[in-house]
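S.K.: Here's my sequence, what's the structure:
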Amino acid sequence: MSATDVYYDPYDVAIDADPYPVYRRLRDEAPLYFNERYDFWGLSRFADVEAALKDSTHLSSAKGDILEVVKADPVMPPGVFINEDPPLHTIHRSLVSRAFTPKTMRALEDKVRAFCVACLDPLVGADRFDFVLDLGAELPMKTIGMLVGIPDADQPSVRAQAQHVLRNKPGAPLPVSKDHYFDGDLFTDYVAWRETNPSDDLITELLNVEFPDESGTVRRLTKEELLIFLAVIAGAGVETTGRLFGWMGKVLAEHSDQRREIVQDRSLVANAIEELLRYEPPGPHVARYVNEDLELHGQRVPAGSALLLMLASGNRDERRFDDPDRFDIRRKIGQHLTFGYGIHFCLGAALARLEGRIALEEVLNRFPEWDVDLDNAQRARSSTVRGWDSMPAIVS
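M.R.: Numbers count the residues shown, from 1 in each chain. Okay, the predicted model is just below:
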């Protein structure tokens, strides 16, 4: 590792405001980076991050995929499939994936569009609206609620819980209890009600599905497993996707010429969303536990270490993308890292893309021109999900 004074800290508010210059220095000067203060290693180049995401032999997800969780090593309840390794991960992911098939996503389009229309129509005629408060805080939760089977009345508390668990004080790591991390109690009453009132939703399906577990025993999910499944799905689907909408408002306001191109040619919408995901990913990094010594860039990363995979840095790696700091809705992107890679590729990627595409189409139908009021925008203080709590837009 070359000598360098570059410093990266995922909790530093100033760095988080615009991490890309630091990411560039990391890629050039310290592609394998060690932070002594917080005792973690980091990878920042696209090829290195991609390879690490695929490596479930040396790198484990079983201790979490958030840096603070990996370091705290909390007791993981059964069913946190995003924090499992094979064979458990394979078994649990296959059960949940039935809710996210391409066929299911196609069937959802009209319903998601109806939710989006219901969010936006009341705002027509106003001189401003908020990409996060009016859209990002509503559409993902309504969509996940419909898919999973969370009643409308319970959705605000689910959204609040999803946001709460990922919030840290500015400049400080996320507080993680070693004894308890995931809490599925929020869904206890509703699951009990669904047992006697089945419906066409994921809860009902998971209550009745039978599967061979890791021991070969054919069984149903335990109540604890099911409650944790629901907590994971609701949290991931609400918080990360919700942040996408704030970036949509900001980035397309700053690139109004490209926004006007999309207004004229709606075939550009899908690639514009893909470029937005590359350019400002809501989840800037994930973490892994090093369970076997690793040799990277001539250095030994010892077993027991925490390794931070900087997805947002890889997405701006000039070794992979031409002029990566330029936002370009016509870019031939190929593969970005926002949804991960390998066995832990984001299960909800197709749903996030669907929501983003529909939201942009419906916003442009009503508000083809806008500027953002950055003086009144509010950042979301989370080192895990990067984005905005409020992104007000002034429409004309």
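S.K.: how many neighbours does Ser56 have?
M.R.: 18 (other C-beta atoms under 10 Å). For every residue, glycine as well, the C-beta is placed using N, CA and C.
S.K.: That one in helix, strand or coil?
M.R.: Secondary structure for Ser56, judged by DSSP: H, G, I helix; E, B strand; the rest coil, is coil.
S.K.: need the contact list for it.
M.R.: Each residue near Ser56 by C-beta atoms under 8 Å, 6 or more residues apart in numbering is listed here: 85-86, 342-343.
S.K.: Highest neighbour count among those residues?
M.R.: Asp85 leads the contacts of Ser56 on contacts (other C-beta under 10 Å) with 18 neighbours.
S.K.: hang on, the earlier thing: nearest to Ala107 among the contacts of Ser56?
M.R.: Comparing those against Ala107 with C-beta to C-beta places Ile343 closest, at 26.0 Å.
S.K.: Just send the contacts of Ser56 back as a markdown table, with distance to Met141 and pLDDT too.
M.R.: Formatted as a markdown table, the contacts of Ser56 follow (distance: C-beta to C-beta, whole Å; pLDDT from 0 to 100):
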| residue | distance to Met141 | pLDDT |
| --- | --- | --- |
| Asp85 | 30 | 86 |
| Pro86 | 31 | 87 |
| Gly342 | 28 | 88 |
| Ile343 | 27 | 89 |
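S.K.: Go through the residues you listed and name the one nearest Pro74.
M.R.: Distances from Pro74 to the contacts of Ser56, taken by C-beta to C-beta, are shortest for Asp85, at 16.1 Å.
S.K.: Which element, helix or strand, includes that closest one?
M.R.: Counting by DSSP states H and E, no helix or strand carries Asp85.
S.K.: Excluding sequence neighbours, find me the nearest residue to it.
M.R.: With C-beta to C-beta, 6 or more residues apart in numbering as the criterion, Asp85 has its nearest non-adjacent residue at 4.9 Å, and that residue is Ala62.
S.K.: Does Ala270 touch Arg357 like I think?
M.R.: Yes: at 5.6 Å, Ala270 counts as touching Arg357 under the criterion of C-beta atoms under 8 Å.
S.K.: Name the SS class of the residue nearest the centre of the chain, please.
M.R.: Against the mean C-alpha coordinate of the chain, by C-alpha atoms, centre = their mean, the closest residue is Thr240 at 3.8 Å. The three-state assignment at Thr240 reads helix, by three-state DSSP.
S.K.: How about Arg381?
M.R.: Once three-state DSSP is applied, Arg381 turns out coil.
S.K.: from what I can see it touches Lys169, true?
M.R.: Yes: using C-beta under 8 Å, Arg381 is in contact with Lys169, at 7.5 Å.
S.K.: got the contact list for the closest residue to Ala377 other than its chain neighbours?
M.R.: Using C-beta to C-beta, 6+ apart and skipping the chain neighbours, the partner closest in space to Ala377 is Met391 (5.1 Å). Contact analysis of Met391 by C-beta under 8 Å, 6+ apart lists 130-132, 136, 245-246, 249-250, 372, 377.
S.K.: what does Phe131 give?
M.R.: 245-246, 248-250, 363, 372, 388, 391-393.
S.K.: One more pass at 10 Å, please.
M.R.: By C-beta atoms under 10 Å, 6 or more residues apart in numbering, the contact set of Phe131 is 137, 242, 244-250, 252-253, 359, 363, 370, 372, 377, 388, 390-393.
S.K.: how near is the residue nearest to the centre of the chain to Ala107?
M.R.: Thr240 sits 23 Å away from Ala107, going by C-beta to C-beta, to the nearest Å.
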